[in-house]
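Undergrad: Dropping a prediction and its sequence here:
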Amino acid sequence: MIERFDVAPPGLYNRQLRGRFLFTPVVVIRGGDHAHIYVAGKTSIQPDASIGCVGDLRGQIGLVCQAVKTCVEYVGATLDDVVRTITYVRDIDAYYAVAEERYKHFNNKLPTNTLLQVDRLAHPDMLIEIEAEAIVAPERLKNLT
């Protein structure tokens, strides 16, 4: 049997419209022998809706990686369980200049990654957004309702 859980980890900004989330921040699909964890694109937006580290791509990478970590840890995974990321950046050359910042977070097992340059993210001060997917054994999962 396959089960789906929609999760909104506390302490992160989750955009709402008329009292409803615009998207599910984390979706967990649990099957018999493993579970997939899908993390919606994380940005440098803070819980109070301000943008962190404006103009500082290195700082925004740190905030984004921390948000991904918060999401996967809330459901029982770690960054080592992340197998795939998709990274959207406003300036790919600027990203390459500070890309090693990711190693502070993804320091044991690097996920695959697709890197895309885009014209704009959800807010003009956002420089990076990262989506993530992780796979874990179902018995590791927590905080699912």
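TA: That came through fine. Computed from a predicted structure; not experimentally measured.
Undergrad: Every contact and neighbour count from this point should use C-alpha atoms.
TA: Will do.
Undergrad: low pLDDT regions in the chain?
TA: Applying pLDDT under 70 to the chain flags no residue at all.
Undergrad: Show me the helices in the protein, by range?
TA: Along the chain, counting by DSSP state H, helices occupy 57-74, 92-98.
Undergrad: tell me which residues of the first one are tucked away?
TA: For helix 57-74, the buried set under the neighbour-count rule, 16 or more other C-alpha atoms under 10 Å, comprises 57-58, 60-74.
Undergrad: hey, C-alpha coordinates of that helix in CSV?
TA: What follows is helix 57-74, C-alpha atoms only, in CSV (Å, rounded to 0.1, in the frame of the first residue of the first chain):
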residue,chain,number,x,y,z
LEU,A,57,24.3,34.6,-2.8
ARG,A,58,26.7,32.7,-0.5
GLY,A,59,24.5,33.7,2.5
GLN,A,60,21.3,32.7,0.6
ILE,A,61,22.8,29.3,-0.3
GLY,A,62,23.3,28.8,3.5
LEU,A,63,19.8,29.8,4.3
VAL,A,64,18.3,27.7,1.6
CYS,A,65,20.3,24.6,2.5
GLN,A,66,19.3,25.0,6.1
ALA,A,67,15.6,25.2,5.1
VAL,A,68,16.0,22.0,3.1
LYS,A,69,17.7,20.4,6.1
THR,A,70,14.9,21.5,8.4
CYS,A,71,12.3,20.0,6.0
VAL,A,72,13.9,16.6,5.6
GLU,A,73,14.9,16.3,9.3
TYR,A,74,11.3,17.1,10.4
